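Student: Predicted model and sequence below, questions to follow.
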Amino acid sequence: MNNYLYDVCIIGGCGHVGLPLGIAFAHAGKRVVLYDIDRNAIDTISRGKMPFIEEGAEEMLRDVLEKNLFLSSEKSVISGSYFIVIVIGTPIDEHLNPRFTLFKEFLSGITEYLIDEQHIILRSTIFPGTTEKIVDFLRSNGRKTRVSFCPERIAEGKAMEELRNLPQIIGSLDDISFQEAKELFVSLTNDIIYLTPKEAELAKLFTNVWRYIRFSISNQFYQIATQYNLDYYRIFDAVTYNYPRTGDLPSAGFAAGPCLFKDTMQLAAYSNNSFFLGHAAMLINEGLPNFIVQRLKEKHSLKDKIVGILGMAFKGDIDDLRESLSYKLKKILEMESKQVLCTDPFVKDANLVTLDEAVNNSDIIILGAPHSQYKEIGIDFSKKLVVDVWNFFGKGGLF
């Protein structure tokens, strides 16, 4: 490793997965280069600024920038790095099936920069069997580069804490590869788990799909209770109070983001579309915006109502709008209501309005993302109809 300019090169290093990992490795003493083609993100990071919200990351970024952490848009830095961390996952097509061809195209574009003794670390979710397919691809192209799958299992916004506090799964085909990957990640955590690549690939999918299904259970309970004009959260509080067997039941709310839905569909494809529980979870979670609008239509004439959506990120206290169900809700309401006003303190979107404008001018307010600062706003619940699926304001789930 001493013959290389960098210990680690992270391809896609300026994104939500790569940047926190790069900062963490650099803070642990590794020489890290972030390779990315997003020049705007590179410019932002080079000024010591995070391009997205990640708690505690900006201070650490400034500590390591141009000391152990470097930025580049030149693909040649791959050759000068021992570990090559790839944070590109398997995409899915319009039929919700994995697209291996895009991964192969990506690998074809970096093969000339790879050296036999290097070690590729696959970090994002990939379809089971992909690690072995990548090894076969590299061997067929004359490369003996080692490959391991070391899945990221971090909650967005909590990366700097969880990279050090959560166990790291390592899926390697041989003991030498495992020991090398372990040596890298032990700089962050001593809690290392050894699996085969396919076991690790499934472990990553199982983790995200388990969370997605748990959210769907609560969302289904919410819909059942609401259909009968019952306050779901009175029931929720009753069944979870001092009762350990339901203590981990999550609140209802939008289950979205770039991973949970996609990974559930990948697992469904891997099971030859016999994963009926996953499909049911998808229908429940993706159908929640439709359920909300349908319930409103049953009780109100939306054609003459202005509806405000508070929070457009896919979850609270972040600025990431990828796969946000608030935007799906917005599209439905644009067809059904007089006007839709959307606001978010973090999301960059020229079509958003201020919080005051959304609250004051709306007849109906729907909480899309439970940002903490919304606790401080004053909404007159006697004059506004508020749809709060999360029970964020503590007024119950009825509307």
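Tutor: Cool, got the structure.
Student: Could I get the pLDDT score of residue 1?
Tutor: Residue 1 is assigned 62 on the pLDDT scale.
Student: Now do the strands in the stretch 151-300 of the chain.
Tutor: Assigned by DSSP state E, counting those that start in this stretch, the strands in the stretch 151-300 of the chain fall at 168-172, 192-195.
Student: quick one: average pLDDT of the first one?
Tutor: Read that as strand 168-172. 98.
Student: Just list what that strand packs against, helices and strands only.
Tutor: strand 146-149, helix 175-185, strand 192-195, helix 197-227 (3 or more Cβ pairs under 8 Å, 6 or more residues apart in numbering; DSSP states H and E). For every residue, glycine as well, the C-beta is placed using N, CA and C.
Student: and of the strands of the stretch 151-300 of the chain, who's closest to residue 262?
Tutor: strand 168-172 (19.2 Å; Cβ to Cβ).
Student: ok, residue 28 - contacts?
Tutor: Residues in contact with residue 28 (Cβ atoms under 8 Å, 6 or more residues apart in numbering) are 187, 188.
Student: same thing but at 10 Å, please
Tutor: Shown in contact with residue 28 (Cβ atoms under 10 Å, 6 or more residues apart in numbering): 7, 64, 68, 163, 164, 184, 185, 186, 187, 188.
Student: ok so, going back, now the strands of the stretch 151-300 of the chain in JSON lines, with distance to residue 60?
Tutor: Shown next, in JSON lines, are these (distance: least, Cβ to Cβ, whole Å):
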{"stretch": "strand 168-172", "distance to residue 60": "19"}
{"stretch": "strand 192-195", "distance to residue 60": "22"}
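Student: what's the most buried one of these?
Tutor: Among these, strand 168-172 has the highest mean neighbour count (mean count of other Cβ atoms under 10 Å), at a mean of 23.
Student: hey, C-alpha coordinates of that strand in PDB?
Tutor: What follows is strand 168-172, C-alpha atoms only, in PDB (Å, rounded to 0.1, in the frame of the first residue of the first chain):
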ATOM      1  CA  GLN A 168     -19.300  -3.500   9.400                       C
ATOM      2  CA  ILE A 169     -20.200  -6.500   7.200                       C
ATOM      3  CA  ILE A 170     -17.500  -7.600   4.800                       C
ATOM      4  CA  GLY A 171     -18.300 -10.100   2.000                       C
ATOM      5  CA  SER A 172     -15.200 -11.500   0.400                       C
END
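Student: For that strand, which outside residues touch it?
Tutor: 119, 121-122, 131, 146-153, 177-182, 184-186, 188-204, 207.
Student: where do the helices sit along this protein?
Tutor: 18-27, 39-46, 57-64, 100-110, 130-140, 159-165, 175-185, 197-227, 232-240, 260-270, 276-286, 288-299, 325-336, 355-361 (DSSP state H).
Student: Out of those, which gets nearest to residue 250?
Tutor: For residue 250, the closest of these is helix 197-227, at 5.1 Å, according to Cβ to Cβ.
Student: what separates that closest one from the chain centre, distance-wise?
Tutor: 14 Å (Cα atoms, centre = their mean, to the nearest Å).
Student: now the angle between helix 288-299 and that helix, please.
Tutor: 10 degrees (axes from the mean of the first three to the mean of the last three Cα atoms, to 10 degrees).
Student: What mean pLDDT does helix 197-227 get?
Tutor: Per-residue scores along helix 197-227 average to 97.
Student: What of stretch 73-88?
Tutor: On average, stretch 73-88 scores 96.
Student: Report the buried members of the contacts of residue 28.
Tutor: 7, 64, 68, 163, 184, 185, 187, 188 (16 or more other Cβ atoms under 10 Å).
Student: May I see those residues arranged in CSV, with distance to residue 230 and pLDDT as well?
Tutor: Formatted as CSV, these follow (distance: Cβ to Cβ, whole Å; pLDDT from 0 to 100):
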residue, distance to residue 230, pLDDT
7, 57, 98
64, 53, 98
68, 56, 97
163, 42, 97
184, 52, 98
185, 48, 98
187, 52, 97
188, 46, 98
